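S.K.: A structural model of the following input is requested.
(chains A, B, C and D)
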There are 2 protein chains.
Amino acid sequence: MSNEEKPEITDSEWEVMRVVWTLKEVTSKEISKVLEDKKEWKPATTKTFIGRLVKKGMLHTEKTGNRFIYTAAVNEEESLKTLKSGLFTHICSRAVGKTIADLIAEATLSHDDIALLGEALQKKKKDAVEEIACNCVPGQCNCKKDHGMDCRH
Amino acid sequence: MSNEEKPEITDSEWEVMRVVWTLKEVTSKEISKVLEDKKEWKPATTKTFIGRLVKKGMLHTEKTGNRFIYTAAVNEEESLKTLKSGLFTHICSRAVGKTIADLIAEATLSHDDIALLGEALQKKKKDAVEEIACNCVPGQCNCKKDHGMDCRH
DNA sequence: TAAAATCGATTACAGTTGTAAACTATAAAT
DNA sequence: ATTTATAGTTTACAACTGTAATCGATTTTA
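M.R.: I've put the predicted structure just below:
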């Protein structure tokens, strides 16, 4: 995988991408239909987002007559990863664990999910570290202050 | 807690809030200093964000002479919760577990974190559900398609 | 083949965000 | 009491977002 620039996908564009990721090869009309139902967007609105995604290189097009078939140019996992990392740009690296724990506490999970998470945790034990370094600038985190630890007031 | 509107906090505003959450009572100059170092913002830029946060009601002010002391009007946990839930607005509710598992796999975690996550998981076992319902509209998810389950291609 | 429907492209436009200078009022210093 | 330094407020402005109408080309239909 090359390390190309990956433009941001906005919330609205994300709605379009989900349709393309799900249906794989779609016309603008099919996308419009789905989002007219879900978001009550006029077809013109959906077209705008499709156009922007094409311009950003997130959608491939294949012309057939006067219309296009759209396919995803970026894969869903990758895009999700970007989304996920966004969560952690705002918190101390020492607070990541606690944040994930909160996520778990607030989520609705199935037994299968719990098993899956258990495995993920298990695998993590191998490369668990003793102490995570705080990556914050002074004034944005209380690590090291007071008792030399605990980002999680 | 009342159910007031909670305006969005943008990325840049978040930087300001972190300083206030950390230092509790600050002047604009202190905030400026921190962010001039971290983000290379001109003081005027920081002032803009402070002003917007005050207008949004995210910061309280107390006047002393011709300057203000700023304190947080919203608490960090709450704001973080909003941030976290944003992650899941773009995925199928059935994929939440898998997504958290990915988060774990990609995170740097300490032994303490792992213990903490283990506990969180353990607590979750009680109210784990047999099957999570897909909350997606047709065309944005493959749940129920093919084999009647699995959002996670 | 002329009319009607459709698709993609262009244009529009207000609100948000990032970035910052200019302005104004007040407090501190001389 | 002036001058100077500050702090907060106003104004600026481009890029990005959400939302959509209109236009121009083409295809389908009558």
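S.K.: Please tell me how far residue A:11 sits from residue A:100.
M.R.: 23 Å (CB to CB, to the nearest Å). (Each C-beta comes from the backbone N, C-alpha and C, glycine too.)
S.K.: the more surrounded of the two?
M.R.: Ranked by neighbour count (other CB atoms under 10 Å in any protein chain shown), residue A:11 and residue A:100 place residue A:100 first, with 25 against 9.
S.K.: isn't there a helix covering the more buried one?
M.R.: Yes - according to DSSP: H, G, I helix; E, B strand; the rest coil, residue A:100 belongs to a helix.
S.K.: What parts of chain A come near DNA strand C?
M.R.: Neighbours of DNA strand C within chain A, by CB under 7 Å from any atom of the strand: A:27-29, A:44, A:47-48, A:51, A:54, A:66-68.
S.K.: and the two most separated of the residues you listed?
M.R.: Largest separation among the residues of chain A next to DNA strand C by CB to CB: A:48 and A:66, giving 18.8 Å.
S.K.: and the lowest-mean-pLDDT helix or strand in chain A, anywhere near chain B?
M.R.: The weakest-scoring helix or strand in chain A, judged by mean pLDDT, DSSP states H and E, is helix A:76-88 (a mean of 88). Yes - using CB under 8 Å from any CB of the partner chain, we find that helix A:76-88 touches chain B at A:80-81, A:83-84, A:86-87.
S.K.: of the residues you listed, buried ones?
M.R.: Among these, those buried by neighbour count (16 or more other CB atoms under 10 Å in any protein chain shown) are A:80, A:83-84, A:87.
S.K.: which of those lies closest to DNA strand D?
M.R.: residue A:83 (12.8 Å; CB to the nearest atom of the strand).
S.K.: residue contacts, that closest one?
M.R.: Residues in contact with residue A:83 (CB atoms under 8 Å, 6 or more residues apart in numbering or on different chains) are B:87, B:90.
S.K.: if I look at it, how far off is residue B:90?
M.R.: As judged by CB to CB, residue A:83 and residue B:90 stand 7 Å apart.
S.K.: Just give the number of residues close to the closest residue to DNA strand C within chain A.
M.R.: Nearest residue of chain A to DNA strand C, counting by CB to the nearest atom of the strand: residue A:28, 3.1 Å away. Counted by other CB under 10 Å, the residues lying close to residue A:28 total 18.
S.K.: Equivalent analysis for the one 5 residues further on, please.
M.R.: Residue A:33 is surrounded by 17 other residues when neighbours are defined as other CB under 10 Å.
S.K.: Look at it and report its pLDDT.
M.R.: Looking at residue A:33, its pLDDT is 97.
S.K.: What of residue A:8?
M.R.: So residue A:8 comes in at 89 (pLDDT).
S.K.: got it, and residue A:146?
M.R.: 51.
S.K.: circling back to that earlier point, anything in contact with each of residue A:83 and residue B:90?
M.R.: Residues touching both residue A:83 and residue B:90 (CB under 8 Å, 6+ apart): none.
S.K.: Low-confidence regions, chain A specifically.
M.R.: Applying pLDDT under 70 to chain A flags residues A:1-6, A:145-153.
S.K.: top helix in it by residue count?
M.R.: helix A:111-126 (DSSP state H).
S.K.: Report the secondary structure state of residue A:61.
M.R.: strand.
S.K.: And for the one 10 residues further on?
M.R.: When the structure is reduced to helix, strand and coil (three-state DSSP), residue A:71 reads as strand.
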